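Novice: sequence-free structure coming up:
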């Protein structure tokens, strides 16, 4: 009975125009060619280096650059969970990324998108512990944003390939 239900669900998904982002072998040829032709511009600061390295790993760059990916990062933190002595017990860290994909063949801006990711952590008495939590949280947010940027690019190129 479960197999029949799963089969019916698959039929419904194909009927609505659903197409998997990646094929059975793990990638779509045309989409992968587009992703490999993206040059990732340097991103300032250590967090920017970590994001750029993750994007380079995910995009498998190495082809002739046709696009340039420009990312700018900003972060914001806010204390909350206020104790009676007006000290915060938690901090919320938000990372903002402005993503631009530029066509190097003179067609200009392909797309621009603003993304953000948020996490929170407890504030403790040790300044060192707070610093390491803040740095670890920022690193995790940057890597999460890099994965989201990769998925957004893959979706963009798979839609463009479907329209052609």
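Specialist: Everything's here; your move. These figures come from a predicted structure and were not determined experimentally. Numbering: from 1, shown residues only.
Novice: which of the residues in the biggest helix by length in the chain are buried?
Specialist: Using DSSP state H, we find that the single longest helix of the chain is helix 127-163. For helix 127-163, burial by neighbour count (16 or more other C-beta atoms under 10 Å) applies to 133-134, 137-138, 141-146, 148-150, 153-154, 156-158. Glycine gets a C-beta too; all of them are placed from N, C-alpha and C.
Novice: Enumerate the beta-bridge partners assigned to the nearest residue to residue 38 once chain neighbours are set aside.
Specialist: Counting by C-beta to C-beta, 6 or more residues apart in numbering, residue 38 lies nearest to residue 67, which is 4.7 Å off, once chain neighbours are set aside. Under the criterion DSSP bridges, residue 67 forms beta bridges with residue 38, residue 103.
Novice: residues near residue 67, how many?
Specialist: 20 (other C-beta atoms under 10 Å).
Novice: Do you know the pLDDT at it?
Specialist: Looking at residue 67, its pLDDT is 89.
Novice: ok, it to residue 34 distance?
Specialist: Distance of residue 67 to residue 34, computed by C-beta to C-beta, to the nearest Å: 8 Å.
Novice: how about low-confidence regions in the protein?
Specialist: Confidence mapping of the chain against pLDDT under 70 gives the ranges 1-29, 61, 86, 160-164.
Novice: Which stretches in it count as strands?
Specialist: With DSSP state E as the criterion, the chain has strands at 38-40, 67-82, 88-103, 108-122.
Novice: Select, out of those strands, the one closest to residue 56.
Specialist: strand 38-40 (5.7 Å; C-beta to C-beta).
Novice: still on that earlier bit, just name the most buried of the strands of the chain.
Specialist: Per residue and on average, the most neighbours among these fall to strand 38-40, with a mean of 21 (mean count of other C-beta atoms under 10 Å).
Novice: to the chain's geometric centre, what's the distance from that one?
Specialist: Distance, stretch centre to chain centre, for strand 38-40: 15 Å (C-alpha atoms, centre = their mean, to the nearest Å).
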